[in-house]
Each structure stands twice: as structure tokens, then as C-alpha cells.
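**Student:** Quick one, fold the following:
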Amino acid sequence: WQAPVVVFADADLETAAADIAVAAYFNAGQDCTAATRVVVEAAAYETMVALLAREAEQNTKLGSATTMDSEGVLVGPLNSRAQLERVKGFFDRLPPHARVVAGGRPAGGRGFFFEPSVVAGLRQEDEMVQEEIFGPVITVQPFADEAAAVAMANGVQYGLASSVWTSDHARALRCCRAFDFGTVWVNTHIPLVAEMPHGGFKQSGGGKDLSAYGFEEYTRVKHVMSKL
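**Tutor:** Next up is the predicted model:
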């Protein structure tokens, strides 16, 4: 659900790009916590765009879901023709200022495959930034400073998951506090463990699964008071 991936210039950009690509493209981007919306400090913006494009074009294998383990396939098909057309529609409606730097079209052949894609030059109000694509698409936007990064990260209707990438741990903790998302990862994106709660804010729903908090969804609480 439009998870923001905020990358500061002091992060390990090569590692970040490789990890973000995996977190964005696995299962063809059909995951509600996928790392689809990358927001990068202006000084590192063009570098990150180029690194993500390289990951999409050279290091992300597309193929049948049945060969994912044996052949290292990361991106399988979308789940239906309707979803393929939906993802394609986002590209058909791109504004003139957007720049497709990788992919951007169905992969062709049999099945509902869409190329791993990277789109730069988008603005905060653009459809691809505001609406969930649910496909193998990464958008990339620049930010000027930490305050702008937080505003852009929070500037969507969803609030499920997010991540921040930086070598400054104090800054990472400030972002963790400021991000309005149920999960914030630092220098990683997507790992979940049963001991930690998973759930979102805003239009990403209420309640939690996983962890002890998950039991509350199955608990009926009764209040009994007696005057003696």
C-alpha cells in the first residue's frame, strides 16, 4: 500500500538499490508491504535512479512462478488479465513530466507478465504516487531535506509499512517516530517475524496480526462489576 522507502545520501546506495529491488519486485509486486515508492535525497537521486534501473533490467529475472526456486526467478506473472491491464493503465496515463527508465510494458508471450519497471520524475500528487499499483513498479522521487522526506512519506492515504535508509542512526530514529506507518524498517524492507505486530494506520485498516497483539482480535473482553 504505497510503502515509502526513504533513502538518504549517506546510505549504502548499492546495497539499498539491490535490497529495495527484491522487496519491490518479488511476487511481481503483489504484496501490500512492497517497497514500491522510493523517495531519495536530491544529492543521491540520479544515482539511485540509475542503480534501480540496473537492478530492474539486469538483475531481476522474470519467469514462471513454478521455476522461482530452481531458476532464481523473482518476478512471476500478475494474477489475472484484469490486473495486467490495470498496471498497464497506470503507464498509459502517465503525466508528461514522468520518465520511464526501465520496463513500462507487458513482457509479451503467454501469461500475465509485466516487465520490472522504474519510473522517475513523478510528483507527489501523481496517480502512481497516490494509488496502489500492485505490480512490479518502483517510483522514484527526490526530496530536499529530512522534513520534506517525512512529509512526502506520510503524504498518502495508506499507512501500512515504510523504511528508512541511512548511516545516521539518530536520523533513522527520528524518521521512525515521524513516519505514520504501522511498520518502519531501518536499512532493510519487508522481513516480518511472528513476535512483532503487523498492521497499518489510516486507510490500511485497523488491528494487528502476528505477535501477542494479534490475539486481541480473537478475544472477547467482558467487564463485570459487583457492589458488595
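**Student:** Output the lowest mean pLDDT helix or strand found in the protein.
**Tutor:** Every helix and strand in the chain was compared by mean pLDDT, DSSP states H and E; the lowest is helix 68-71, with a mean of 65.
**Student:** Give the next helix or strand downstream of it.
**Tutor:** Counting by DSSP states H and E, the element after helix 68-71 in chain order, helix or strand, is helix 81-92.
**Student:** The next helix or strand after that next one packs against which elements?
**Tutor:** As assigned by DSSP H and E, the chain's next helix or strand after helix 81-92 is strand 99-102. Contacts defined by 3 or more CB pairs under 8 Å, 6 or more residues apart in numbering; DSSP states H and E place strand 99-102 against helix 45-58, strand 117-120. For the C-beta atoms, the positions are set from N, CA and C on the backbone; glycine is no exception.
**Student:** So which of those has the densest surroundings on average?
**Tutor:** strand 117-120 (a mean of 26; mean count of other CB atoms under 10 Å).
**Student:** Adjacent strands (with direction) for that one?
**Tutor:** Sheet partners assigned to strand 117-120 using DSSP bridges are listed as strand 99-102 (antiparallel), strand 137-143 (parallel).
**Student:** Just the C-alphas of it, formatted as PDB.
**Tutor:** The C-alpha atoms that make up strand 117-120 are tabulated as PDB, following Å, rounded to 0.1, in the frame of the first residue of the first chain:
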ATOM      1  CA  SER A 117       9.700  -1.100 -14.100                       C
ATOM      2  CA  VAL A 118      11.200   2.100 -12.700                       C
ATOM      3  CA  VAL A 119       9.500   5.500 -13.100                       C
ATOM      4  CA  ALA A 120      11.300   8.800 -12.200                       C
END
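**Student:** what's the spacing between it and its chain's center?
**Tutor:** Offset of strand 117-120 from its chain centre (CA atoms, centre = their mean, to the nearest Å): 13 Å.
**Student:** Then stretch 189-204?
**Tutor:** In terms of CA atoms, centre = their mean, the centre of stretch 189-204 is found 13 Å from the chain centre.
**Student:** List the buried residues in that stretch.
**Tutor:** Neighbour-count burial for stretch 189-204, counted by 16 or more other CB atoms under 10 Å, picks out 189-190, 197-200, 202, 204.
**Student:** can these go into JSON lines with extra columns for secondary structure and pLDDT?
**Tutor:** JSON lines is the format used below for the buried residues of stretch 189-204 (DSSP: H, G, I helix; E, B strand; the rest coil; pLDDT from 0 to 100):
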{"residue": "His189", "secondary structure": "coil", "pLDDT": "96"}
{"residue": "Ile190", "secondary structure": "coil", "pLDDT": "91"}
{"residue": "Pro197", "secondary structure": "coil", "pLDDT": "82"}
{"residue": "His198", "secondary structure": "strand", "pLDDT": "84"}
{"residue": "Gly199", "secondary structure": "coil", "pLDDT": "85"}
{"residue": "Gly200", "secondary structure": "coil", "pLDDT": "81"}
{"residue": "Lys202", "secondary structure": "strand", "pLDDT": "81"}
{"residue": "Ser204", "secondary structure": "coil", "pLDDT": "84"}
